[in-house]
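Enquirer: missing the sequence, but the structure's below:
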């Protein structure tokens, strides 16, 4: 399983966004996005929700969790 920072970076790069663009969309500071991606710190729950909203994905998906039909 990938770390949260790696997931944030992968989602951001897949959209072609800079850290500044992601920060603007999520209402966060770009230096915090960089720290999350490097693994220097982890997003708070509120920041994680803002990031998932910015990417327009469920929090489980941003966290790298996938649920198969067998698990449901």
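Expert: Good, I have the coordinates. What you are looking at is a predicted structure, and each value in this text was computed from that prediction instead of being measured. Residues are numbered from 1 along each chain as shown.
Enquirer: Quick one: residues in contact with the least confident helix or strand in the chain by mean pLDDT.
Expert: One helix or strand of the chain scores below all others by mean pLDDT, DSSP states H and E: helix 59-62, with a mean of 94. Under the contact criterion CB atoms under 8 Å, 6 or more residues apart in numbering, helix 59-62 has outside partners 4, 7, 8, 11, 48, 49, 51, 52, 55, 66, 67. In this view, the C-beta of every residue, glycine as well, is placed from N, C-alpha and C.
Enquirer: got a pLDDT number for residue 71?
Expert: Note on residue 71: pLDDT of 54.
Enquirer: let me fix that: residue 68
Expert: 55.
Enquirer: where in the protein is pLDDT low?
Expert: 1, 67-72 (pLDDT under 70).
Enquirer: can you pull out the helices in it?
Expert: Ranges of helices in the chain, per DSSP state H, are 4-14, 19-26, 30-38, 45-55, 59-62.
Enquirer: Can you tell me which of the contacts of helix 59-62 are buried?
Expert: 4, 7, 8, 11, 48, 51, 52, 55 (16 or more other CB atoms under 10 Å).
Enquirer: between these, which is nearest residue 23?
Expert: residue 51 (9.8 Å; CB to CB).
Enquirer: Find the nearest non-adjacent residue to the closest one, please.
Expert: residue 26 (5.2 Å; CB to CB, 6 or more residues apart in numbering).
Enquirer: who's in contact with the one you found?
Expert: Residue 26 neighbours (CB under 8 Å, 6+ apart): 33, 47, 50, 51, 53, 54.
Enquirer: Select only the buried ones of those in ChimeraX?
Expert: Burial among the contacts of residue 26 is assessed by 16+ other CB under 10 Å; the matching ChimeraX selection reads:
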select :33,47,50,51,54
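Enquirer: which two in the contacts of residue 26 are spaced the farthest apart?
Expert: Farthest pair in those, by CB to CB: 33 and 53, 14.2 Å.
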